[in-house]
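A.B. asks: when you get a sec, could you give me coordinates for this:
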Amino acid sequence: MAINLKAITVCIGYQQITSLSSAQSLTVPLLDRTGLNQRPTFALITPETQGVRWRDDGTAPTSTVGMPLAAGVTLQYDGDLNKIQFIEQTGSAKLNISYYA
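C.D. replies: Coordinates of the predicted model:
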């Protein structure tokens, strides 16, 4: 499935989360890569090696409760980046996140 982005104007940063045995929030950057104050408005989130579950309603996901996201599938998320949390469905999941404004 191709990702359809309206426009990517600025890449704010990248993050990889490798410890997902408990629910983890994103570390949302406050500055762009040049040091200017700019918050991302959306993120591309892709699990690597194992699937994860996510929730953005203020409750932490568990390995069996939450929205499933399979390994290799990208979530284009434009909600509140400070509220979304992830957890692995099975051990050794990694999560790759790119932030954009």
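
A.B. asks: the residue nearest to residue 50 when sequence neighbours are not counted and residue 61, how far apart?
C.D. replies: Leaving aside its chain neighbours, residue 50 sits nearest to residue 93 (3.7 Å; criterion: Cβ to Cβ, 6 or more residues apart in numbering). In this view, the C-beta of every residue, glycine as well, is placed from N, C-alpha and C. As judged by Cβ to Cβ, to the nearest Å, residue 93 and residue 61 stand 12 Å apart.

A.B. asks: rewinding a little: quick one: the residue nearest to residue 50 and residue 47 touch, right?
C.D. replies: Yes. The pair residue 93 / residue 47 is scored as a contact, 5.7 Å apart, by Cβ atoms under 8 Å.

A.B. asks: what sits in contact with each of these two?
C.D. replies: residue 71 (Cβ atoms under 8 Å, 6 or more residues apart in numbering).
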